[in-house]
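In: I would like the atomic coordinates for the input below:
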Amino acid sequence: MKTAIITFIGAGNMASSIIGGLLAGGHDASCIRASDPARENLERLRQLGDIKVYQDNAAACAGADVVVMAVKPQIMATALASISAQVAASGSLVISIAAGTTIATMQSLLDNRAPLVRCMPNTPSLVGAGATALYASPEAGPQQRKLASAILGAVGLIQWVPQESDLDAITALSGSGPAYFFLFMEAMIEAACAMGLSRDCAVAMTRQTAFGAARMALESDVDLRELRRRVTSPGGTTERAVQCFEHEGLRDLVAHAMAAARERAEEMGAPQETPDA
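Out: Model prediction:
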C-alpha cells in the first residue's frame with residue numbers, strides 16, 4: 001500500500017510532535033514534508049530524518065495526500081489561499097489543528113469542496129499523551145478519516161465527534177483542560193507550603209500525586225466515583241477535604257469555568273463582521 005505523502009504547513013511545536021509520533025510509528029520520513037518561513041524550525045525537523053522542507057507552501061503541497069494546517073488562526077486565511085490550487089489539483093485531505101477556523105470558513109478560503117477534517121488537540125500531545133477530537137466534512141471519505149485518525153493518533157488518544165459544534169465543548173474540556181489541572185496543582189503546592197513543607201517537597205509530591213491519580217484513572221476498570229470512594233474513608237481526612245470542596249461549590253465552579261471557555265470558543269469561530277467603510 002502506498003505510503004501517504006503528508007505535508008505540514010507550519011513547523012512549530014505541535015507539528016514537530018505529530019511528525020515525531022508518525023516517525024516513531026514507522027511512517028517513511030521521505031513521505032513527510034513541511035513548510036515554514038522560519039529556517040530554524042525546518043532545520044529542527046531535518047534532524048528527525050529525511051523530511052523534505054520548504055519555505056514555499058504551494059511547492060510543499062504539490063501532490064500531497066494530506067495537508068495538515070498547523071498555523072495560528074490569524075494567518076490561516078493567507079496560508080489556505082497559498083495552497084488552494086494545489087489542494088484542488090491533488091484532491092488532498094486538509095486537516096486543521098487551528099482553533100476557531102470552521103469547516104465553512106476553510107472551504108470558502110480554499111474555493112473548492114475539499115475534504116476537510118477539523119480537530120482540537122491539546123498540549124500534552126507534545127509529550128505523546130494528547131487527547132484530540134476530530135470532525136470531518138461530508139467530503140472526507142472513510143480512507144481519509146482513517147488517515148486523519150493515524151496522523152493525530154500518533155500523539156495520543158483520538159475521539160471523533162458527530163457535529164462540528166461539539167469541538168467547542170471539547171475545547172472547554174480537553175483543549176483548555178490541562179491548564180485547569182495545572183492551576184489545581186499550583187493551589188495544592190501553595191497550600192502545602194503554607195503548612196510548612198518546603199517548596200521542593202510540595203512540588204515533587206504534588207506532581208507525583210497527580211501522575212499517580214491520572215494513571216489509576218486510565219488503567220483502572222472502575223469509574224472515577226468508585227476510585228474516589230476507595231480513597232475516602234468514613235470520618236477520615238479525605239472525607240473532610242472532599243466535604244469542604246463540595247460545600248464550597250467546586251462542581252458549580254468547574255461547570256461555570258468550562259461554560260465560559262466554550263462560549264469563548266464559539267466567539268472565535270463566529271464569522272467576523274466587516275466594518276462599514
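In: sec struct for Pro234, please.
Out: Assigned with DSSP: H, G, I helix; E, B strand; the rest coil, Pro234 falls in the coil class.
In: Count the residues that sit near it.
Out: 6 (other Cβ atoms under 10 Å). Every residue, glycine included, has its C-beta placed from N, CA and C.
In: Please name the nearest non-neighbouring residue to the residue nearest in space to the middle of the chain.
Out: Nearest to the geometric centre of the chain sits Pro121, at 1.0 Å (Cα atoms, centre = their mean). Of all residues not flanking Pro121 in the chain, Thr132 sits nearest, at 4.2 Å (Cβ to Cβ, 6 or more residues apart in numbering).
In: I'd say the one you found and Pro124 touch.
Out: No. Thr132 lies out of contact with Pro124 (Cβ atoms under 8 Å); the separation is 10.0 Å.
In: Between these two, which is the more surrounded one?
Out: More crowded of Thr132 and Pro124, by other Cβ under 10 Å: Thr132, with 27 against 19.
In: What segments of the protein are helices?
Out: 13-24, 39-46, 57-61, 76-90, 103-110, 142-153, 166-170, 177-194, 199-219, 224-231, 237-247, 250-269 (DSSP state H).
In: I'd like the ones you listed laid out as JSON lines, including distance to Ala70 and mean neighbour count.
Out: Formatted as JSON lines, these follow (distance: least, Cβ to Cβ, whole Å; neighbours: other Cβ atoms under 10 Å):
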{"stretch": "helix 13-24", "distance to Ala70": "4", "mean neighbour count": "20"}
{"stretch": "helix 39-46", "distance to Ala70": "10", "mean neighbour count": "15"}
{"stretch": "helix 57-61", "distance to Ala70": "12", "mean neighbour count": "20"}
{"stretch": "helix 76-90", "distance to Ala70": "10", "mean neighbour count": "18"}
{"stretch": "helix 103-110", "distance to Ala70": "14", "mean neighbour count": "18"}
{"stretch": "helix 142-153", "distance to Ala70": "11", "mean neighbour count": "18"}
{"stretch": "helix 166-170", "distance to Ala70": "17", "mean neighbour count": "21"}
{"stretch": "helix 177-194", "distance to Ala70": "19", "mean neighbour count": "14"}
{"stretch": "helix 199-219", "distance to Ala70": "27", "mean neighbour count": "13"}
{"stretch": "helix 224-231", "distance to Ala70": "33", "mean neighbour count": "12"}
{"stretch": "helix 237-247", "distance to Ala70": "38", "mean neighbour count": "11"}
{"stretch": "helix 250-269", "distance to Ala70": "17", "mean neighbour count": "14"}
